[in-house]
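Q: Provided below are the primary sequence and the corresponding predicted coordinates.
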Amino acid sequence: MNGAAADTLFDVRGLTKVYRGAGGDVHALRGVDLQVRRGEVIVLLGPSGSGKSSLLNILGGLDRATAGQVVFEGQDLAKANEKALTAYRRRFVGFIFQFFNLTPSLTARENVELVTHIALDPMPADEALALVGLGARMDHFPSQLSGGEQQRVAVARALAKRPAILFCDEPTGSLDSETGTQVLDAIIHVASEVKATTMIVTHNVGIADIADRVIRFSDGRVHTLIENTTKKAPKELTW
Amino acid sequence: MRWRLPPLHKKFLRHLWRMKWQALAIVLLVAAGVAVTVMTFSAEEALRSARATYYAQSSFADIFVTMERAPLTLARRAGMIPGVTAADPRIVANGLSLLPGFERPAQVRLISLPDRDDAALNRIAITRGRAPAPEALNEAVALQSFLDATKLRIGDDIQVTVNGRFVWFRIVGAALSAEYVYLPDAASVMPDDAHNGVLWVTRKALEGAADMHGAFNALAFSIAPGVQPRSIETRVERMFAPYGVQPVVMRADQPSHAFLEGELKELQTSGTIFPPVFLIVAAALVHMTLLRQTEVQREEIGLLKAFGYTDLEAARPFAMTAILIAGLGAALGALIGAVFAGSIVDIYARYMRFPALEPRFHVAAFAVAAGASLIAAVTGATAALGKVTRLSPATAMAPPRPDSYRVSWFERIVLGRSRGLLARLIARNVERRPARAALTVFGLAASVALLMGTQFLFGALDVVLDHTFYQRQRFSHQITFSLPRGPEAADDVRTLPGVMSFRLVRITSATLSNGARSVRTAITGLDPGDPLQRPLDATGELAPIKPQGVLLSKALAGKLGARPGDFVTVRLHERDRRVAAVVVAGIVTEYSGLGAYMDRRVLNTMIGEGDLSNAAQIVLDPLARGAFYRSLAETPGVVGAQSRDDVMATYRRVIAEAFRTSRTYYAVFAGIIAFGVAYNAGRIALSERSRDLATLEVLGFTHSEIAVIQLGEQAILAVVAVPIGLALGWLLAHGISLGYQRDEMQIPAIIDLDTLRMTLSVYGLTVAAVGCLIAYRLWRLDLVAVLKTRE
Ligand SMILES: Nc1ncnc2c1ncn2[C@@H]1O[C@H](COP(=O)(O)OP(=O)(O)O)[C@@H](O)[C@H]1O
Ligand SMILES: [Mg+2]
């Protein structure tokens, strides 16, 4: 058990999330059990509204669970207060979003620096951008970059801090397949460079082949969990 | 490693740069608030310190007493009263002098110089030439402002009619005096330097001219610190009672000093009432603008938090924006305030004669204003800070939601069911942000109020002058006799050239009291039915002079707390100083002075004398002015000559000079409010709606239809603000009217048509200019780009 614990980054048990609203309660997560291993790449598949983002938000410390536990490095995130969650995100977490969410008033380099500035042991912003192949575009503003380039800046931004865990919510959702492939490639490449555990949410089944494990999500629960024995590089994907 | 600006700061600065015009508008507002404070209090400080220095240098007296004639030995005894540190006896005589180049004779006061200068009070400071030689009979030092205004030079001779005698002096020097820093004209209470002169001559010269050998008729005292002047007052009055003493005048009532005090009070009023208006509006704008920024930057803030930035770090840029606005505003305000204070002090220097009147910078006032700016800005930012703090980091993940709208009460009331789609869009926009609409209306209303509350003074002054000199008084000239005269005076007046009609009046000084309140003033005795005097009551009806009772001006009645039917105690200062209880017969509307009116015969009986008068009020043929004044200068026993035309001319000149500057300043400041509010509200609305507008354009709406939607809302708010602003302005005008109230002059809160016109045109033009700026921005907006960016 000890060995297993040392290998486990997240231990999720009975995780429940209920959004309470005027129009009635929405049960987004209905009891999720999951162990995330150090260094693995997980792809989360599932139809829209099945609760993938809700899970990522809770694991990423952006939101709180209604019930259940999320143990990360001996600490239960479900019980952590706002301050502890902020510290957790600051230290350990990297995010990549569907809509890139770059800060339009900052250049590519400055967008990366926005995160490295508050990180403990970051790589230089230039280096991170070079890793995603944007060494020449560092001083451009987001409005001067294509969608794929913007998302690659986001990859650099997320990974430059050398996070323990990287969450990507539909990172290719707004991109065509070719640029999507480039972005995935960048994610996998840099994540392995900094040894970040990676969780990628997508509804694109084709992407699943790059994962160590594939989780199928439906109706707020883990439907199936499959070990991928034929892991491929992003470039080999067809979608 | 090279130091680099942290990226969060860069982001902050770039956001700030994008909203630079909005921020600048708020900075200007803060600056205006700070500038008014710095300007008024610095000018006040300049006056106050110049006065303190000068009073100390010249040993300005604390108490002033005049009497008919007292032996010099008594002055020494008066100096021995406990608490008195010095008593300085002088001879003072009033006369007229017709100077070359002037139609109306100047009123000249002759004052004897002290025998020993070291013990003297109210010492003059010679600025040019020299003092008269001791014992010189025909040498005089003249008040410098009199020389400047009359173009008299050192070496010139001046002839003065004193007590029916002609005396002449050679001017040997020019001087300043703490007693005459400000020398108000008897009729206008404004400076009229060419017609008001002071000459200092040797005691020997004046002993002869005024028949005062071994005697004096004016005594100034200084008292030891901490001594109550009132305790000295009774002893002095008792000591000089046999010598025809007039009531003691405390420094506070000395005309020059009282005027300076009034000026200081006005500055304090302006400096206290106006700045809060600016700062409150600035706070409202900071609130609106930063709150909008939290919406614009909603996802960015969520993102920062997702990355692990703390609430504090995410909110800090907003706090810093507020602080920066306050800081820049305060710095700019200090600069503008200092410059404006300098120009106000320059204007003061033209009619307040200090040896040195240096501009000052009131550091404490600035510190308070800067602190208040900071508080205002941070208060304005609290809502935004709260919103940033509460914003969940999950916001970064969530897709943007469409704003929620509904059919509102506003729309139902204003539009019913009938209007077009554009009108509905406008109505829903106003309704969706009621707090912001209310703040916008409030800010614009503040601008209207400030315009009205400052500009009304000038129109109201015209009303005051017209009422005082044309409605209330129907005579054009008044002459004053040196001593009361019997009915034969009428013959002398009648024979003066150009006199079309006249009435004799009896003016006597008296102290009126009602319970514990007492006021020193003058009672004017009029003949019943005097056609040259039309005292009007509050309803505008003629309040006739009755054989019984006294008519009080509204200001005097207010000071005494007296109402019609009350009895007031009248203590006369002439002859045997009788005391009588007199019923208040009525209250009359007057804006200048503390007037009291009685039947002349009744007044004379009260004084204890026969059918006497000491002034004549005259309607003069305007073409005969020259001849009238020439023969007046030859007439013995006339010590004063006032002319309505000259009073009006003095007002025009002084007011044009002194008030045009401040009037312009306040119009500009009020314009800044209107501009700041309208511009920020417009920009916020534009930023909020640019996506909608772009969509509408894609759907085929024309540019002008889009402009109607965008500007229509602003126009509605701007119009709604007008009546509210006028109401607030009316209140402000009353506050200012109270703050500016003086014994000599009350400016009523009357709003005339000109003020209204000025208010609405400055406001209208400013708001229209902002409309053009916003329309220009709308035009330049790249609508397709707007649709592509996710704000
Ligand atoms: N902030 C929220 N408030 C209310 N309901 C929400 C919120 N976020 C998500 N939901 C609901 O929770 C369910 C799961 O959503 P989500 O986790 O975003 O699913 P997925 O990412 O798989 O599409 C959906 O029904 C969604 O409508
Ligand atoms: Mg999702």
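A: On my side now, so go ahead. Residues are numbered from 1 along each chain as shown, chains lettered A, B, ... in the order given. Ligands and ions are numbered 1, 2, ... in the order given.
Q: give me the domain ranges for chain B.
A: Listed by automatic domain parsing, the domain ranges of chain B are B:61-258, B:444-470+B:652-791, B:471-650.
Q: tell me, how many residues neighbour A:Ser48?
A: A:Ser48: 8 surrounding residues under other C-beta atoms under 10 Å in any protein chain shown. Heads up, the C-betas are built off the backbone N, CA and C, glycines and all.
Q: and it, helix, strand or coil?
A: At A:Ser48, secondary structure determined by DSSP: H, G, I helix; E, B strand; the rest coil is coil.
Q: so for it, what's the pLDDT?
A: pLDDT, A:Ser48: 88.
Q: ok, which of the domains of chain B comes nearest A:Glu193?
A: Among the domains of chain B, domain B:444-470+B:652-791 comes nearest to A:Glu193, with 30.3 Å by C-beta to C-beta.
Q: just list the residues touching residue 94, thanks.
A: Using chain A. A:158-159, A:161, A:163, A:165-167, A:196 (C-beta atoms under 8 Å, 6 or more residues apart in numbering or on different chains).
Q: my bad, chain B
A: So B:Asn94 contacts B:107-110, B:162, B:482, B:639-640 (C-beta under 8 Å, 6+ apart).
Q: switch to 6 Å and redo it
A: Contact analysis of B:Asn94 by C-beta atoms under 6 Å, 6 or more residues apart in numbering or on different chains lists B:109, B:639.
Q: dig out what it forms beta bridges with.
A: Note on B:Asn94: beta-bridge partners by DSSP bridges are B:Arg109.
Q: re the thing from before, tabulate the domains of chain B (a markdown table), appending mean pLDDT and distance to A:Ser143.
A: Shown next, in a markdown table, are these (pLDDT from 0 to 100; distance: least, C-beta to C-beta, whole Å):
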| stretch | mean pLDDT | distance to A:Ser143 |
| --- | --- | --- |
| domain B:61-258 | 91 | 65 |
| domain B:444-470+B:652-791 | 83 | 8 |
| domain B:471-650 | 89 | 65 |
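Q: indicate which one of these is closest to B:Val30.
A: Nearest to B:Val30, of all the domains of chain B, is domain B:444-470+B:652-791, at 9.5 Å by C-beta to C-beta.
Q: ligand 1 contacts on chain A?
A: Selection of chain A residues close to ligand 1 by C-beta under 6 Å from any ligand atom yields A:19, A:21, A:26, A:28, A:46, A:48-54.
Q: of those residues, grab the buried ones for ChimeraX.
A: Command for ChimeraX that selects the buried part of the residues of chain A next to ligand 1, burial taken from 16 or more other C-beta atoms under 10 Å in any protein chain shown:
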select /A:28,46,50,51,52,53,54
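Q: which one of the residues of chain A next to ligand 1 is nearest B:Leu450?
A: Distance to B:Leu450 across the residues of chain A next to ligand 1 (C-beta to C-beta) is lowest for A:Gly21, with 46.7 Å.
Q: thinking again about what came up before, for ligand 1, find the nearest of the domains of chain B.
A: domain B:444-470+B:652-791 (17.9 Å; C-beta to the nearest ligand atom).
Q: which one of the residues of chain A next to ligand 1 is nearest to B:Gln714?
A: Closest to B:Gln714, out of all of the residues of chain A next to ligand 1 and judged by C-beta to C-beta, is A:Gly21, at 35.1 Å.
Q: which pLDDT value belongs to that closest one?
A: So, for A:Gly21, pLDDT stands at 78.
Q: which residues does residue 111 contact?
A: You didn't pick a chain, so chain A it is. By C-beta under 6 Å, 6+ apart, the neighbours of A:Asn111 are A:102-103, A:153, A:157.
Q: chain B is the one I meant
A: Contacts of B:Ile111 by C-beta under 6 Å, 6+ apart are B:90, B:92, B:200.
Q: with B:Val505 instead?
A: B:524, B:526, B:613, B:615, B:617 are the contacts of B:Val505 under C-beta under 6 Å, 6+ apart.
Q: about what we covered before: take the domains of chain B and lay them out in a markdown table including distance to ligand 1.
A: Shown next, in a markdown table, are the domains of chain B (distance: least, C-beta to the nearest ligand atom, whole Å):
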| stretch | distance to ligand 1 |
| --- | --- |
| domain B:61-258 | 71 |
| domain B:444-470+B:652-791 | 18 |
| domain B:471-650 | 66 |
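Q: so can I have CSV of those domains showing distance to A:Val183?
A: Listed next are those as CSV, based on distance: least, C-beta to C-beta, whole Å:
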stretch, distance to A:Val183
domain B:61-258, 81
domain B:444-470+B:652-791, 18
domain B:471-650, 81
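Q: quick one, which of those domains is nearest to B:Thr37?
A: Across the domains of chain B, closest to B:Thr37 is domain B:444-470+B:652-791 (C-beta to C-beta), at 11.7 Å.
Q: before we move on, the earlier item: which of the contacts of A:Gly94 sits closest to A:Ala130?
A: For the contacts of A:Gly94, the nearest to A:Ala130 is A:Leu159 (12.2 Å; C-beta to C-beta).
Q: now the closest one: closest residue in space, sequence neighbours ignored.
A: Nearest residue to A:Leu159 in three dimensions, chain neighbours excluded: A:Val190, at 4.4 Å (C-beta to C-beta, 6 or more residues apart in numbering or on different chains).
Q: so which residue is dead centre in chain B?
A: Centroid-nearest residue in chain B: B:Glu266, 4.4 Å away (criterion: C-alpha atoms, centre = their mean).
Q: got it, and chain A?
A: Short answer for chain A (C-alpha atoms, centre = their mean): A:Phe167, at 0.9 Å.
Q: buried stuff in the lengthiest helix in chain A?
A: Counting by DSSP state H, the longest helix found in chain A is helix A:177-194. Across helix A:177-194, burial judged by 16+ other C-beta under 10 Å covers A:179-191, A:194.
Q: list the contacts of that helix.
A: A:131-132, A:148, A:151-152, A:155, A:159, A:162, A:166, A:171-172, A:198, A:234, A:239.
Q: and the residue nearest to the centre of chain A, how far from ligand 1?
A: 12 Å (C-beta to the nearest ligand atom, to the nearest Å).
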